[in-house]
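Colleague: Below are the sequence and a predicted model for it; my questions follow.
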Amino acid sequence: MGRIGIVDVDSKIPNLALMKLSRYHKERGDKVELFFPLAAHTYNKVYVSKIFKYSEMPHYVDPTQMEVGGTGVDLKVSLPPEVERLQPDYSLYRYPHNIGFTMRGCRFRCKFCVVPEKEGQPVENNSIEDIWIQKGSDFVVLLDNDFFGNPAWADRITEIQKRDLKVSFSQGLNIRIITDEQAKALASVQFRNLSGKKKQVHFAWDQWGKGTEKLIDEGFERVTLAGVKPYQMAFFVLVGWNTNEEQDLYRINKLHGMGCDVFVMPYNRSDPYQKALSRWNNRHIWRSVNWRDYRYGGWRRQSNSEKRF
């Protein structure tokens with residue numbers, strides 16, 4: 001029996017690949033646990049997963065022990081088939097809900113996105129029944145990058161309705177090409193945010209290009225007519241890819257004006273402007289301080305001067 005360490009460098013939710021690796025080793029009699037630095041010398045093997053390129057590799061793991069994978073390391077690395085087909089070991093994270101893919105791939109080839117290169121065109125992957133293995137929870141987190149790109153999306157919606165499940169479309173849905181039928185299907189299910197605590201569905205307005213705004217407006221109208229309220233929508237907004245400051249602020253302000261939540265994602269996390277804009281929006285500073293004052297420090301100078309009196 002061996003001892004296996006697991007290092008999850010940067011996942012925001014339990015890492016599906018690492019949970020499958022944990023299941024694989026436990027079925028072979030190995031002890032598996034999240035990596036404990038003080039016990040580093042006792043591990044026979046350490047699996048490390050890094051999703052984002054900007055994340056730093058752990059310095060506390062012996063490189064000779066490590067087997068490294070994840071999108072942030074190599075797009076070509078994938079789980080062996082005998083591991084991929086296993087159910088995840090949720091006990092690794094003590095996670096009470098359900099996580100998985102009903103499809104892989106994406107219909108689009110956005111240049112800033114790794115999904116087309118890593119996964120290709122949309123293909124069906126799992127049913128909801130395949131993913132919903134923790135029956136004590138009625139919450140399922142879907143990792144699909146293009147849910148409605150799945151040829152079997154209608155069957156998946158039917159499963160969600162039949163089981164009366166709550167579902168998070170965690171990677172967002174493409175509002176630019178959503179159809180009336182798909183909008184009605186979305187409105188018919190109990191969509192939730194990633195935590196499962198808020199009734200919210202995510203879309204994206206990532207690019208600035210000819211006709212994009214019109215498509216966003218048309219999709220927004222379809223979704224609202226289907227019954228989804230603006231305050232139940234959140235938009236990922238990528239900044240620093242093919243946009244300037246004026247275009248970034250236009251998208252953010254317009255979406256706020258429509259009554260939607262906005263989450264700014266910097267393309268270059270080391271860029272001071274992109275970092276500041278994401279902080280200003282994501283921490284809701286925009287509610288009390290305008291962008292120009294925040295960026296150039298006027299609000300700080302005023303705040304400090306007021307403290308003197």
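Modeller: Nice, I can see it. Numbers count the residues shown, from 1 in each chain.
Colleague: need the helices for the stretch 101-250 of the chain, in chain order.
Modeller: When secondary structure is read from DSSP state H, counting those that start in this stretch, the stretch 101-250 of the chain shows helices at 115-119, 128-131, 153-163, 180-187, 212-226, 245-257.
Colleague: looking at those, which is closest to residue 235?
Modeller: Between residue 235 and the helices of the stretch 101-250 of the chain, the tightest spacing by CB to CB is seen for helix 245-257, at 5.1 Å. No exception for glycine: its C-beta is placed from N, CA and C like everyone else's.
Colleague: what sits against residue 203?
Modeller: Listed by CB atoms under 8 Å, 6 or more residues apart in numbering, the contact partners of residue 203 are 172-175, 219, 233-236.
Colleague: If we use 10 Å, what do you get?
Modeller: Residues counted as contacts of residue 203 (CB atoms under 10 Å, 6 or more residues apart in numbering) are 169, 172-176, 178, 216, 219-220, 223, 233-236, 255, 260.
Colleague: related to what we said a few turns ago, JSON lines please, covering the helices of the stretch 101-250 of the chain and showing mean pLDDT.
Modeller: Putting the helices of the stretch 101-250 of the chain into JSON lines (pLDDT from 0 to 100) gives the following:
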{"stretch": "helix 115-119", "mean pLDDT": "86"}
{"stretch": "helix 128-131", "mean pLDDT": "98"}
{"stretch": "helix 153-163", "mean pLDDT": "98"}
{"stretch": "helix 180-187", "mean pLDDT": "98"}
{"stretch": "helix 212-226", "mean pLDDT": "97"}
{"stretch": "helix 245-257", "mean pLDDT": "97"}
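Colleague: mind giving me JSON lines with those and columns for distance to residue 3 and mean neighbour count?
Modeller: JSON lines is the format used below for those (distance: least, CB to CB, whole Å; neighbours: other CB atoms under 10 Å):
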{"stretch": "helix 115-119", "distance to residue 3": "31", "mean neighbour count": "16"}
{"stretch": "helix 128-131", "distance to residue 3": "29", "mean neighbour count": "18"}
{"stretch": "helix 153-163", "distance to residue 3": "38", "mean neighbour count": "17"}
{"stretch": "helix 180-187", "distance to residue 3": "45", "mean neighbour count": "18"}
{"stretch": "helix 212-226", "distance to residue 3": "50", "mean neighbour count": "17"}
{"stretch": "helix 245-257", "distance to residue 3": "48", "mean neighbour count": "16"}
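Colleague: now those in a markdown table, with distance to residue 193?
Modeller: Rendered in a markdown table, the data for those read as follows (distance: least, CB to CB, whole Å):
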| stretch | distance to residue 193 |
| --- | --- |
| helix 115-119 | 21 |
| helix 128-131 | 18 |
| helix 153-163 | 16 |
| helix 180-187 | 14 |
| helix 212-226 | 16 |
| helix 245-257 | 16 |
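Colleague: thinking again about what came up before, write the PyMOL selection for whichever of the contacts of residue 203 are buried.
Modeller: Those of these that meet the burial criterion (16 or more other CB atoms under 10 Å) are gathered into one PyMOL selection, given here:
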select buried, resi 169+172+173+174+175+176+178+216+219+220+223+233+234+235+255+260
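Colleague: Could you find the closest non-adjacent residue to residue 56?
Modeller: Residue nearest to residue 56 in three dimensions, not counting chain neighbours: residue 9, with 7.7 Å by CB to CB, 6 or more residues apart in numbering.
Colleague: need the contact list for the one you found.
Modeller: For residue 9, the residues meeting the contact criterion (CB under 10 Å, 6+ apart) are 15, 48-52, 55-58, 68, 70, 72-73.
Colleague: And residue 175, by the same measure?
Modeller: Contact criterion CB under 10 Å, 6+ apart gives 182-183, 186, 201-205, 215-220, 222-223, 233, 235 as the residues in contact with residue 175.
Colleague: 8 Å instead, please
Modeller: With contacts defined as CB under 8 Å, 6+ apart, residue 175 is in contact with 203-204, 215-216, 219-220, 223.
Colleague: closest to residue 24 among those?
Modeller: residue 204 (33.9 Å).
Colleague: Okay, and the beta partners of the residue nearest to the closest one when sequence neighbours are not counted?
Modeller: Distances taken as CB to CB, 6+ apart place residue 236 nearest to residue 204, at 4.3 Å, with adjacent residues excluded. Under the criterion DSSP bridges, residue 236 forms beta bridges with residue 204, residue 263.
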